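Chemist: Sequence isn't available, so here's the structure alone:
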Ligand SMILES: [Zn+2]
């Protein structure tokens, strides 16, 4: 599932390409992917793009906004004259429009924004501007690691807040940092890599971590997410940016997806276990 670095990369692309465009028409190919009457947004202009955790908000000139969650497999892909030479990754995207295209926004200046979604869990909803917090998903997002440009309305995870979250839970540390209601934006990839980077076992109870370990983990979370942002996110599954091209972090993971490979720290074998129902990669020799 796209995590903070992937969704932030999508946001940066939308900010660059779609802001300033007018919405001329909306083609809804899968009604479940789009909630609201498209008439409410036709002829409005896109003014800003915000992100909260893994959620996106496209603000419009008429005091409406589009709240978006790409969930497991959603893709937002922009095409116009200036981007038509950029080759889309066909293995991830397929044809445009294709059998997984759910919504098509026709924009002025012959531009198009496609919403593709294989699994169909993603959603787009028309909301009143600045009212995203009325939606349960946006309302319940925990503070997020401060790795991207700050936006109005965002709550950030500071080290004292992080320590407090750890103290208050006996959950496995890995499951806790992936709980979106506690901390926004961390999913499986960065939880695995941050725990490896801080040498903490994913199975430890959160409230058993020392203050020093909590501090190390906090720094590691920021470090792996900043690294992923520099690589344009991770495309192990269907994630692509708004130009339809892949991110590169999947080639630079520390332990994620590396079962049986050599640990970068000790040379021992990386193991795969299950923690909280999720596949978990770690080095039993380096992480305690
Ligand atoms: Zn190791």
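Modeler: It's in. Worth saying up front: this structure is predicted, and the values here are computed from it rather than measured.

Chemist: The residue in the stretch 101-250 of the chain positioned nearest to the ion: what's it in contact with?
Modeler: At 8.1 Å from the ion, residue 196 is the closest residue in the stretch 101-250 of the chain, using C-beta to the ion. Placement of C-beta: from N, CA and C, glycine included. With C-beta atoms under 8 Å, 6 or more residues apart in numbering as the criterion, the residues that contact residue 196 are 254-255, 265, 281-283, 286-287.

Chemist: If we use 6 Å, what do you get?
Modeler: 254-255 (C-beta atoms under 6 Å, 6 or more residues apart in numbering).

Chemist: Need the contact partners of the helix of greatest length in the chain.
Modeler: As assigned by DSSP state H, the longest helix anywhere in the chain is helix 211-230. With C-beta under 6 Å, 6+ apart as the test, helix 211-230 has contacts from 4-5, 145, 147, 159, 162-163, 166, 190, 193-194, 197-198, 200, 234, 249.

Chemist: Quick one: end-to-end length of stretch 241-261, please.
Modeler: 29 Å (C-alpha to C-alpha, to the nearest Å).

Chemist: Test my guess that residue 114 contacts residue 75.
Modeler: No. When contacts are counted by C-beta atoms under 6 Å, residue 114 is not listed as touching residue 75 (7.5 Å).

Chemist: Quick check on these two: which one has the bigger neighbour count.
Modeler: A direct count of neighbours by other C-beta atoms under 10 Å for residue 114 and residue 75 places residue 75 higher, at 26 against 22.

Chemist: now the helices: where do they sit in this protein?
Modeler: 4-17, 90-93, 136-139, 159-167, 173-178, 188-197, 211-230.

Chemist: Quick check: residues of this structure near the ion?
Modeler: 263, 265-266, 268, 283, 285-286 (C-beta under 5 Å from the ion).

Chemist: May I ask which of those has the most neighbours?
Modeler: Neighbour counts for the residues of the chain next to the ion peak at residue 283, which has 23 neighbours (criterion: other C-beta under 10 Å).

Chemist: Could I get the pLDDT score of that one?
Modeler: With respect to pLDDT, residue 283 scores 98.

Chemist: give the contact list for it.
Modeler: By C-beta under 6 Å, 6+ apart, residue 283 lies in contact with 263, 268, 270.

Chemist: Kindly indicate which of the residues you listed lies nearest residue 39.
Modeler: residue 270 (53.1 Å; C-beta to C-beta).

Chemist: where do the strands sit along the chain?
Modeler: For the chain, applying DSSP state E gives strands covering 23-28, 34-35, 46-52, 55-60, 64-69, 74-79, 101-107, 111-117, 123-128, 271-275, 278-282.

Chemist: Could you pull up the contacting residues of the closest residue in space to residue 245 that isn't next to it in sequence?
Modeler: Spatial nearest neighbour of residue 245, chain neighbours left out: residue 89 (5.6 Å); criterion: C-beta to C-beta, 6 or more residues apart in numbering. Residue 89 sits next to 240, 244-246 when contact means C-beta under 6 Å, 6+ apart.

Chemist: For burial, what's the neighbour tally of residue 178?
Modeler: Counted with other C-beta under 10 Å, residue 178 comes out at 22.

Chemist: I figured it hits residue 191, correct?
Modeler: Yes. Between residue 178 and residue 191 there is a contact at 5.0 Å, judged by C-beta under 6 Å.

Chemist: residues touching residue 19, list them.
Modeler: Residue 19 sits next to residue 46 when contact means C-beta under 6 Å, 6+ apart.
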